[in-house]
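*Asks:* Dropping the sequence and predicted coords here.
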Amino acid sequence: MVKNMKKLVINGAKPLVGEIEIGGMKNGALPIIFASLLITKGTCTLENLPAVKDIDLSLEIIESLGAKVERTDKHTAVIDASGVSVKEPPAALVRKMRASYYLLGAELGRFGTAVVQYPGGCDFGGRPIDRHIKGFEFLGAKVTETFSESGKCVRATTDGGVVGANVFFDDVSVGATVNVMLAAVCAKGVTVIENAAREPHVVDLANFLNTCGAQVFGAGTPTIKITGVDKSELHGSTYAVAPDMIEAGTYMVAAAATRGNVLIKNVIPKHLEATSTKLEEMGVKIVENDDSVQVSVPGELSATNMKTLPYPGIPTDMQPQFCVLMCVANGVSRLVEGVFDNRFQYVDQLRRMGANIEVNGKVATISGGSPLYGAAVSALDLRAGAAMVIAGLCANGKTEIDNVNYINRGYEDIVEKLRALGADISLINEED
């Protein structure tokens, strides 16, 4: 693993207290950025973009295909995709993020053909794109694996464009649902996606596409219907990305783990229901307002059992954070990963801090109630990195976290936001 030359240093055991504002949803912004490639008439102004590395990468990727991107401020981008053409984007960019596979759906929808290198991103077990390929094949595409100078690629081609069809997924997949939506927007006829993902970022994408003239119905339910429109009917729009429920959930868990009291603003409480319910089971007090939640801990934290599931269940992207909370809660908790095969790689890092965790396949048993202690640990992926930050915040002593580039992919101004809540946290050069 190549580590960058910066690390986070946290002096823990301080409760987080105060107010924090949540930014735009990274997992919603990424497919919307790639969806802008479908728009040939006018410009798309995307607001409330999180200022994180994955957003920068996605904008670089679409620029490499011929899109013009103007950053009017750190949270707003104006995109003109009229000059985009089909070509391989730089492999170095594609391999830095998983969401680059949305290029397949966007290019297929606009041009009837697409070629993209295999994506990169966080590595926690097999994340095949076979469901994406199955979806494209339903729409009349021929999908093959090819090789170029940059390595292994996925190529999708059609005979005259995408054709609407009934698409059924055996397993719920956010990525495959999004890719089929992108490919089907300008298809000939009607596409019906059964067993579609229901996540808020799927709804956010549908809302954006509809503001641009698409006809997408049923997003947020297991059945999405897309009536294809001619490309000439799509037009630019101004759209604000929804708040990030994973960023919000991460700070909710951080407030609970440090026995703090934090008002988390600019959220959609309904998106947080599964997280809020589980926190309340553990003894956390949650007060919901129209666009904020107050998190406090009036007494002791209790163990719980939890399984990650597709929305509206507990998100897999909240699993590592909850694991830390279970480490400091009294009793034995059982944590089941219901989405990915190997998302417990970070457990060894928590063990360095004194955590008592046993892992058997996709099940972790956490014997909690003992204090965590500061140690030198690594961020092994984005959400595991967030878990290390939470562990450092509630641990006794000093915690040093390297490989912070993962954390920067998904959390905007995390040091500044935590400092505003009273955390003793710094980002320093490793040689210092």
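*Replies:* Okay, I see it. Since the structure is predicted, the reported quantities are computational estimates derived from the model, not experimental observations. Numbers count the residues shown, from 1 in each chain.

*Asks:* Please count neighbours and contacts with C-alpha atoms only from this point.
*Replies:* Noted.

*Asks:* now the helices: where do they sit in the stretch 51-200 of the chain?
*Replies:* 53-64, 91-94, 102-111, 130-138, 174-184, 200-211 (DSSP state H, counting those that start in this stretch).

*Asks:* Please state the offset of the third one from the chain centre?
*Replies:* Relative to the chain's own centre, helix 102-111 is displaced by 20 Å; criterion: CA atoms, centre = their mean, to the nearest Å.

*Asks:* list the helices and strands it packs on?
*Replies:* helix 26-35, strand 113-117, strand 151-157, helix 174-184 (3 or more CA pairs under 8 Å, 6 or more residues apart in numbering; DSSP states H and E).

*Asks:* hey, least reliable of the helices of the stretch 51-200 of the chain by pLDDT?
*Replies:* The stretch with the lowest mean pLDDT among the helices of the stretch 51-200 of the chain is helix 91-94, at a mean of 87.

*Asks:* For that one, name the packing helices and strands.
*Replies:* Checking 3+ CA pairs under 8 Å, 6+ apart, helix 91-94 ends up next to helix 53-64.

*Asks:* Residues in contact with the helix it packs on: which ones?
*Replies:* Here helix 53-64 makes contact (CA atoms under 8 Å, 6 or more residues apart in numbering) with 26, 29-30, 33-34, 37, 49, 69, 89-90, 93-94, 96-97, 100, 408-410.

*Asks:* hang on, the earlier thing: as JSON lines, the helices and strands packed on helix 102-111 with mean neighbour count would be great.
*Replies:* Formatted as JSON lines, the helices and strands packed on helix 102-111 follow (neighbours: other CA atoms under 10 Å):
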{"stretch": "helix 26-35", "mean neighbour count": "25"}
{"stretch": "strand 113-117", "mean neighbour count": "25"}
{"stretch": "strand 151-157", "mean neighbour count": "18"}
{"stretch": "helix 174-184", "mean neighbour count": "27"}
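
*Asks:* quick one: which of the ones you listed is nearest Thr399?
*Replies:* Nearest to Thr399, of all the helices and strands packed on helix 102-111, is helix 26-35, at 26.9 Å by CA to CA.

*Asks:* angle of the closest one against helix 200-211?
*Replies:* With axes from the mean of the first three to the mean of the last three CA atoms, to 10 degrees defining the directions, helix 26-35 sits at 30 degrees from helix 200-211.

*Asks:* The helix or strand immediately after helix 26-35 in the chain: which residues count as buried?
*Replies:* Downstream of helix 26-35, the first helix or strand assigned by DSSP states H and E is strand 44-47. Going by neighbour count (16 or more other CA atoms under 10 Å), the buried part of strand 44-47 is 44-47.

*Asks:* how about the helices and strands packed on helix 102-111, which one is nearest Asp381?
*Replies:* Nearest of the helices and strands packed on helix 102-111 (CA to CA): helix 26-35, 15.2 Å.

*Asks:* what packs against the closest one?
*Replies:* helix 53-64, helix 102-111, helix 200-211.

*Asks:* Could you export these as CSV, including distance to Gly299 and mean neighbour count?
*Replies:* Putting these into CSV (distance: least, CA to CA, whole Å; neighbours: other CA atoms under 10 Å) gives the following:
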stretch, distance to Gly299, mean neighbour count
helix 53-64, 38, 20
helix 102-111, 45, 27
helix 200-211, 32, 22
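
*Asks:* so can I have CSV of the ones you listed showing distance to Leu182?
*Replies:* Below are these laid out as CSV (distance: least, CA to CA, whole Å):
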stretch, distance to Leu182
helix 53-64, 15
helix 102-111, 5
helix 200-211, 9
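
*Asks:* So which of these is nearest Glu400?
*Replies:* helix 53-64 (21.4 Å).
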